[in-house]
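Participant: how would this look folded up:
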Amino acid sequence: MAIPLSALPKINASLNTACAGLLVLGLYFIKSGKVALHRLCMVSAFLCSSVFLGFYLFFHFHAGIIRFGGTGWIRPMYFTLLTTHTILAVVSLPLVIITLGYALSERFSSHRKIAHWTYPIWMYVSVTGVIVYYLLYVAYKPIGAPWLVH
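Facilitator: Residues are numbered from 1 along each chain as shown. Below you'll find the predicted structure:
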């Protein structure tokens with residue numbers, strides 16, 4: 001059974017939520033010395049982000065442009081959030097891959113150094129992804145998406 005195109009934004013928000021939760025747990029586990037659980041959480045977060053990226057690209061390739069329907073003060077706030085989210089999402093992709101690569105190749109000193117930067121950026125992207133979804137699809141009706149069930 002195929003996933004309807006209109007379901008992908010909610011699925012993507014769920015994947016971002018799961019990723020953020022896994023990132024929090026992963027940090028907790030490494031600070032608690034539970035390396036195996038940390039590894040499980042971080043690899044799972046990477047998988048959530050990877051599936052998200054695939055669905056995101058598929059959605060936007062097929063759905064076209066979705067315009068934000070909010071007006072007034074929320075509009076510049078939304079676009080500021082969206083801009084920082086988008087820029088940091090692009091930045092986070094190579095950072096996450098490099099950080100994971102260091103861990104998988106057991107170069108833990110390098111892993112820790114880059115994870116110091118990767119973690120907060122990845123967390124920001126995951127959390128703001130959920131906020132962007134909420135503002136675009138739930139709080140304000142999107143423009144240019146008559147096929148989207150709202």
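Participant: so for stretch 16-32, what's the average pLDDT?
Facilitator: Throughout stretch 16-32, pLDDT has a mean value of 98.
Participant: what helix or strand is the residue nearest the centre of the chain on?
Facilitator: Geometric centre of the chain, nearest residue: S126, 3.5 Å, by Cα atoms, centre = their mean. Element membership of S126 [criterion: DSSP states H and E] is helix 108-133.
Participant: Nearest spatial neighbour of the residue nearest to the centre of the chain, chain-adjacent residues omitted?
Facilitator: Leaving aside its chain neighbours, S126 sits nearest to A20 (4.0 Å; criterion: Cβ to Cβ, 6 or more residues apart in numbering). Glycine gets a C-beta too; all of them are placed from N, C-alpha and C.
Participant: so what's that neighbour up against?
Facilitator: The contact partners of A20, taken as Cβ atoms under 8 Å, 6 or more residues apart in numbering, are 123, 126-127, 130.
Participant: ok so, going back, in the helix holding S126, which residues are buried?
Facilitator: For helix 108-133, burial by neighbour count (16 or more other Cβ atoms under 10 Å) applies to 111, 114-115, 118-119, 122-133.
Participant: chain center to that helix, what's the gap?
Facilitator: 9 Å (Cα atoms, centre = their mean, to the nearest Å).
Participant: Let me see the contact set for the residue nearest to the centre of the chain.
Facilitator: 16-17, 19-20, 23, 49.
Participant: Of those residues, which pair is most distant in space?
Facilitator: T17 and S49 (11.9 Å; Cβ to Cβ).
Participant: ok, the two, which is more surrounded?
Facilitator: S49 (25 against 16; other Cβ atoms under 10 Å).
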